[in-house]
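Enquirer: sharing a model prediction with you, sequence too.
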Amino acid sequence: MNNDENKKELSAEEEVIEAENSETEEIEINSEFNEKATTDKADSDEKKPKKKKSSKDKKIKSPKAPRQKMSKARFNHTIGALVITAVVLVVTILLNVVVSLMSDKLPGMSIDLTSTGAFELSETSIKLAQNVKKDLKITFLDDKQSYRSKASSNTYYAQVMAIAEEYGKYNSKISAEYVSIVDNPNLENKYPQETLSADNIVISCGDKYRVLDQYDIFNVKSYYSTYSYIASSKAEEAFDGAILAVTSTESTKLAIVEDNSTEDFTYFKNVLEQNNYELVSVKLEQEDIPKDAKMLIVLTPEKDFSKTAAKKIRTYLENSKEYGKNMLYIPSSKTYKTPNLDEVLSDWGITVGDGLAYELESSSVYGKNMYDGILCYMGSNAFTSKFDDNSAPVISSYARPVVLDADMETQSLLQYSSKSGVCPSDADDSYDFTGNAKGNIVTAGYGINGVFADDKKSSDKLSTIFVFGSSTMFEKTILASTYSDQKYILTMLGEACGRVDQEIAVEAKELTQYDVQIDNSLASVIGLVCYVGLPIAVICAGLIVFVKRRNK
């Protein structure tokens with residue numbers, strides 16, 4: 001009885017031990033320490049006497065798999081990768097900050113890749129900036145974010161921003177700022193004589209200021225009266241002229257007579273003011289011409305001056321026999337009888353002819369007809385030395401012919417081609433344009449009169465009268481264009497008034513041309529590399545890294 005019970009108990013214990021061994025075999029243990037501990041425990045269990053197990057001990061729980069621990073080498077590798085990533089990120093940010101600060105403070109850090117240097121200052125502008133002695137502000141009447149928004153859609157606005165900020169790189173006294181006139185309506189009280197808008201830019205130094213508008217900054221063209229577009233930028237010239245005007249302690253005084261004129265010369269007068277000319281309006285019938293005026297400008301009179309007024313002009317030019325004065329006369333495109341004024345002009349060897357000059361040489365006609373937009377031949381004189389063969393042409397339209405007396409000291413300035421002629425104001429439809437094309441019609445010239453020196457020890461005492469037959473040359477559509485009329489006129493005025501060094505005439509910048517050009521085949525290759533090659537290379541590199549890490 002006892003033997004049978006013992007056998008049953010041994011059989012039960014063997015079943016429990018077998019179940020225990022089978023469950024233990026199904027558990028994976030990675031740690032060497034756990035494997036050794038398990039082996040030692042098994043050996044000790046074999047040596048120990050078998051204990052009787054009750055029925056309560058038949059259910060044995062499986063041991064839990066131990067949590068895997070990261071090896072020291074793998075931990076160090078992860079920490080090292082994080083540190084390197086952080087260092088590279090910090091260095092990149094610091095490098096960008098440093099380069100940004102240096103590009104703002106040091107000239108030459110920014111790189112202008114345009115062929116015309118549109119985003120950097122010319123040598124003339126750099127010298128002008130370096131000579132500024134007082135604090136000067138270039139104020140955009142718009143917030144910077146709004147102006148940047150314009151610049152992102154139109155490169156010309158970006159060029160204006162870049163040029164404005166360039167001045168400060170050469171002189172710390174010059175700064176560019178953005179003040180929204182919408183958010184600061186009191187700004188208008190600072191300039192009560194001006195009508196301001198968000199498109200304006202104000203250059204100020206102390207109490208002196210100049211306000212620039214879109215037409216001062218850009219050359220604007222119209223497309224068949226449908227819409228207008230920016231053809232080129234003259235921001236640098238506009239800024240230079242304004243800086244010169246607000247910083248110069250002296251200006252050249254010009255007396256302007258427009259008593260009998262109905263034409264608008266506002267833009268021409270603005271150009272003069274931008275170039276530091278002080279303009280004085282004179283009512284010739286009631287007032288005398290200021291003696292300190294360097295030049296008298298008579299604009300398109302539609303009726304003759306009185307003999308008293310004409311005498312005032314002569315008195316001004318003779319200057320008590322000291323001479324040294326100048327006069328610019330711009331006749332109307334229509335023929336008006338002005339005998340008193342004509343008599344003064346004739347004493348300087350100049351006559352304004354009847355009718356309009358026309359051009360039959362098609363290559364010289366830039367406009368719509370033979371009167372409009374004529375390319376002028378500048379000849380050889382003191383004013384053409386400022387121009388090169390690559391400069392834009394000087395054009396005129398609806399010009400009165402200027403007749404020069406060859407027996408007096410006269411000089412042609414502008415003339416039409418050998419196929420040009422003059423159509424009289426009373427001509428009818430039967431007028432023979434080809435047969436009357438005498439050629440080389442002068443449309444601008446000057447005459448000199450005064451006391452000529454007889455020997456080298458004496459100096460000439462001379463006064464000069466300039467006559468430009470085309471009044472359209474002085475209108476906004478021409479002065480604000482890419483042609484060289486404005487430069488030519490400013491050069492003439494500067495030479496006559498003895499202030500050539502103060503003349504501001506920077507070449508207009510066109511931003512529509514591409515400086516780097518490639519053919520279609522090269523463009524296709526670059527497109528394949530950028531849109532196909534690079535993505536494939538990135539994907540392949542990612543797969544290689546993934547496979548290598550998976551196999552570790």
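Expert: All right, it came through fine. Everything numeric here is computed off the predicted structure, so don't read it as measured data.

Enquirer: longest strand in this structure, please.
Expert: Ranked by number of residues, the top strand in the chain under DSSP state E is strand 442-451.

Enquirer: okay, now the sheet partners of the next helix or strand after that one, with direction.
Expert: Downstream of strand 442-451, the next assigned helix or strand under DSSP states H and E is strand 461-468. Partner strands and pairing direction for strand 461-468 (DSSP bridges) are strand 326-330 (parallel), strand 442-451 (antiparallel).

Enquirer: show me what the very next helix or strand once past strand 461-468 packs onto, helices and strands only.
Expert: The helix or strand immediately downstream of strand 461-468 is helix 476-479, counting by DSSP H and E. In terms of contacts (3 or more C-beta pairs under 8 Å, 6 or more residues apart in numbering; DSSP states H and E), helix 476-479 is packed against helix 266-274, helix 485-497. For every residue, glycine as well, the C-beta is placed using N, CA and C.

Enquirer: report the buried residues of helix 476-479.
Expert: Using 16 or more other C-beta atoms under 10 Å as the test for burial, helix 476-479 gives K476, I478, L479.

Enquirer: of those, just say which sits nearest to L328.
Expert: L479 (14.5 Å; C-beta to C-beta).

Enquirer: so who does that closest one touch?
Expert: Contact analysis of L479 by C-beta atoms under 8 Å, 6 or more residues apart in numbering lists Y267, F268, V271, M473, D485, Q486, I489.

Enquirer: ramachandran angles for Q411?
Expert: With angles defined as degrees, to the nearest 10, Q411 sits at phi -150, psi 130.

Enquirer: who's in contact with it?
Expert: Contacts of Q411 (C-beta under 8 Å, 6+ apart): N381, L404, G445, Y446, G447.

Enquirer: measure the residue nearest in space to the middle of the chain to F239 for me?
Expert: Of all residues in the chain, the one closest to the mean position by C-alpha atoms, centre = their mean is Q159, 2.5 Å from it. Separation of Q159 from F239 (C-beta to C-beta, to the nearest Å): 12 Å.

Enquirer: next: S380.
Expert: On the measure of C-beta to C-beta, S380 and F239 end up 33 Å apart.

Enquirer: those two: which has the busier surroundings?
Expert: More crowded of S380 and F239, by other C-beta atoms under 10 Å: F239, with 31 against 9.

Enquirer: what does the pLDDT read for the more buried one?
Expert: Here the pLDDT value assigned to F239 is 91.

Enquirer: same check, this time on the one 4 residues further on
Expert: Listed pLDDT for I243 reads 90.

Enquirer: try the one 4 residues further on
Expert: Looking at T247, its pLDDT is 87.

Enquirer: do the same with the one 4 residues further on
Expert: In the predicted model, S251 carries a pLDDT score of 76.

Enquirer: is it true that it touches Q274?
Expert: No: look at S251 against Q274 with C-beta atoms under 8 Å: they stay out of range, at 11.6 Å.

Enquirer: shared neighbours of the two, anything?
Expert: Common neighbours of S251 and Q274 (C-beta under 8 Å, 6+ apart) are A245.

Enquirer: the two: which is more packed in?
Expert: The neighbour count for S251 versus Q274, taken as other C-beta under 10 Å, is higher for Q274 (23 against 16).

Enquirer: now do the same contact list for that one.
Expert: R210, L212, D216, A238, G241, A242, A245, I504.

Enquirer: mind checking the end-to-end distance for stretch 239-258?
Expert: 28 Å (C-alpha to C-alpha, to the nearest Å).

Enquirer: and it, which residues are buried?
Expert: 239-247, 251-258.

Enquirer: repeat for stretch 306-313
Expert: A309, A310, K312, I313.

Enquirer: hang on, the earlier thing: counting neighbours, which of the contacts of Q411 comes out on top?
Expert: Neighbour counts for the contacts of Q411 peak at Y446, which has 28 neighbours (criterion: other C-beta under 10 Å).

Enquirer: wait, doesn't it sit right on T464?
Expert: Yes: if you go by C-beta under 8 Å, Y446 and T464 touch, sitting 5.5 Å apart.

Enquirer: can you give me the helices in the stretch 251-400 of the chain?
Expert: 266-274, 307-318, 339-346 (DSSP state H, counting those that start in this stretch).

Enquirer: ok, of those, where does mean pLDDT dip lowest?
Expert: Minimum mean pLDDT among the helices of the stretch 251-400 of the chain: helix 266-274, a mean of 85.

Enquirer: got the angle between it and strand 326-330?
Expert: Going by axes from the mean of the first three to the mean of the last three C-alpha atoms, to 10 degrees, helix 266-274 is angled at 160 degrees with respect to strand 326-330.

Enquirer: on that earlier part again, going by distance to L345, which of the contacts of Q411 wins?
Expert: The closest of the contacts of Q411 to L345 turns out to be G447 (C-beta to C-beta; 7.8 Å).

Enquirer: and the closest residue to that closest one other than its chain neighbours, what pLDDT?
Expert: Counting by C-beta to C-beta, 6 or more residues apart in numbering, W348 is the residue found nearest to G447 once chain neighbours are left out, at 3.5 Å. Looking at W348, its pLDDT stands at 96.

Enquirer: do S22 as well
Expert: On the pLDDT scale, S22 is placed at 50.

Enquirer: ok, back up a step: now the two most distant members of the contacts of Q274.
Expert: Using C-beta to C-beta, the two most remote members of those are L212 and I504, lying 12.9 Å apart.

Enquirer: more neighbours: which of these two?
Expert: I504 (24 against 21).

Enquirer: residues contacting D292?
Expert: Contact analysis of D292 by C-beta under 8 Å, 6+ apart lists K253.

Enquirer: okay, it and S251: tell me how far apart.
Expert: D292 sits 11 Å away from S251, going by C-beta to C-beta.

Enquirer: what of A310?
Expert: Here A310 is placed at a distance of 28 Å from S251 (C-beta to C-beta).

Enquirer: same check, this time on Y229
Expert: In this view, Y229 and S251 are 34 Å apart by C-beta to C-beta.

Enquirer: cool, N184 as well?
Expert: N184 is 30 Å from S251, by C-beta to C-beta.

Enquirer: do the same with T308
Expert: Taken as C-beta to C-beta, the span from T308 to S251 is 30 Å.

Enquirer: could you do F268 as well?
Expert: From F268 to S251 the distance is 17 Å (C-beta to C-beta).

Enquirer: helix or strand for the closest residue to T335 other than its chain neighbours, which one?
Expert: Excluding its sequence neighbours, the residue lying closest to T335 (C-beta to C-beta, 6+ apart) is S425, at 4.5 Å. If you go by DSSP H and E, S425 is not part of any helix or strand.

Enquirer: surely S425 meets K334?
Expert: Yes: counting by C-beta under 8 Å, S425 touches K334, with 7.4 Å between them.

Enquirer: neighbour-wise, which of the contacts of L479 leads?
Expert: Most surrounded of these: other C-beta under 10 Å gives M473, at 27 neighbours.

Enquirer: who touches stretch 143-152?
Expert: F140, Y157, A158, V160, M161, Y178, V179, S180, D183, A198.

Enquirer: show me what contacts the second one?
Expert: Read that as Y157. Y147, K150, A151.

Enquirer: got TSV for those residues, with distance to S122, pLDDT and neighbour count too?
Expert: Formatted as TSV, the contacts of Y157 follow (distance: C-beta to C-beta, whole Å; pLDDT from 0 to 100; neighbours: other C-beta atoms under 10 Å):
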residue	distance to S122	pLDDT	neighbour count
Y147	23	90	22
K150	24	86	16
A151	21	85	17
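
Enquirer: list just the nearest of the residues you listed to D429.
Expert: Ranked by distance to D429 (C-beta to C-beta), the contacts of Y157 are led by K150 at 50.7 Å.

Enquirer: may I see the buried residues of the helix or strand where the closest one lies?
Expert: Element membership of K150 [criterion: DSSP H and E] is helix 144-153. For helix 144-153, the neighbour count (16+ other C-beta under 10 Å) marks Y147, K150, A151 as buried.
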